[in-house]
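Asks: after the sequence you'll find the predicted model.
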Amino acid sequence: MRNLKVQLLYARVTLIDKTLLYVREVLTVKDDKYSYHWQTESGELLRRWDNAPHWQQEIDSVHHVHIEQVDVVEPSSRVTIEEIIEIISEIIRSREEKKEITE
């Protein structure tokens, strides 16, 4: 078996509620870059988790999450695709439950 020096994961997923999740992971021996971008069908940002260094000085963390607006940023920890799917699933479930109550 070969020792892989770079691992890439790119995906575009349409979720059950028609929202979209864009996944980008680039893993190397020296580096780990990721972005999990969740948006509405029309392109409005819901959340984006990433580790781009541009917010590091302002929030004291390279890992962060953008919530509904690109300039709304909170510190985060390194998240995995499995954790992102669980977070999004819980949000969708909660929205569906609220929708059922109001109908």
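Replies: Sure thing, it's come through.
Asks: can you pull the contacts of residue 49?
Replies: 34, 35, 36, 63, 64, 65, 66, 76, 79, 84 (C-beta atoms under 8 Å, 6 or more residues apart in numbering). Bear in mind the C-beta positions are built from the backbone N, C-alpha and C, glycine included.
Asks: just confirm the third one contacts residue 12, I think it does.
Replies: The reference is to residue 36. No: look at residue 36 against residue 12 with C-beta atoms under 8 Å: they stay out of range, at 11.7 Å.
Asks: those two: who's more crowded?
Replies: A count of neighbours by other C-beta atoms under 10 Å puts residue 36 above the other of residue 36 and residue 12, at 23 against 9.
Asks: buried subset of the contacts of residue 49?
Replies: Buried by 16 or more other C-beta atoms under 10 Å: 34, 36, 63, 64, 65, 66, 76, 79, 84, out of those.
Asks: mind listing what the residue positioned nearest the centre of the chain touches?
Replies: Centroid check for the chain by C-alpha atoms, centre = their mean gives residue 36 as the closest residue, at 2.7 Å. For residue 36, the contact set (C-beta under 8 Å, 6+ apart) comprises 21, 22, 23, 24, 47, 48, 49, 50, 79, 81, 84.
Asks: that's a strand at the last one, yeah?
Replies: What that stands for is residue 84. No: if the criterion is DSSP: H, G, I helix; E, B strand; the rest coil, then residue 84 is helix and not within a strand.
Asks: same list, the contacts of residue 49, but as CSV with secondary structure, pLDDT and distance to residue 8 please.
Replies: Below are the contacts of residue 49 laid out as CSV (DSSP: H, G, I helix; E, B strand; the rest coil; pLDDT from 0 to 100; distance: C-beta to C-beta, whole Å):
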residue, secondary structure, pLDDT, distance to residue 8
34, strand, 95, 11
35, strand, 96, 13
36, strand, 97, 15
63, coil, 89, 20
64, strand, 92, 22
65, strand, 93, 22
66, strand, 93, 23
76, coil, 91, 22
79, coil, 93, 18
84, helix, 96, 17
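Asks: export only the CA atoms of stretch 47-54, formatted as CSV.
Replies: The C-alpha coordinates for stretch 47-54 follow below in CSV (Å, rounded to 0.1, in the frame of the first residue of the first chain):
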residue,chain,number,x,y,z
ARG,A,47,-23.2,28.3,8.7
ARG,A,48,-19.7,27.8,7.6
TRP,A,49,-17.1,26.0,9.7
ASP,A,50,-13.5,26.5,8.6
ASN,A,51,-9.9,27.1,9.6
ALA,A,52,-8.8,29.8,7.3
PRO,A,53,-6.4,32.0,9.3
HIS,A,54,-7.9,35.4,8.4
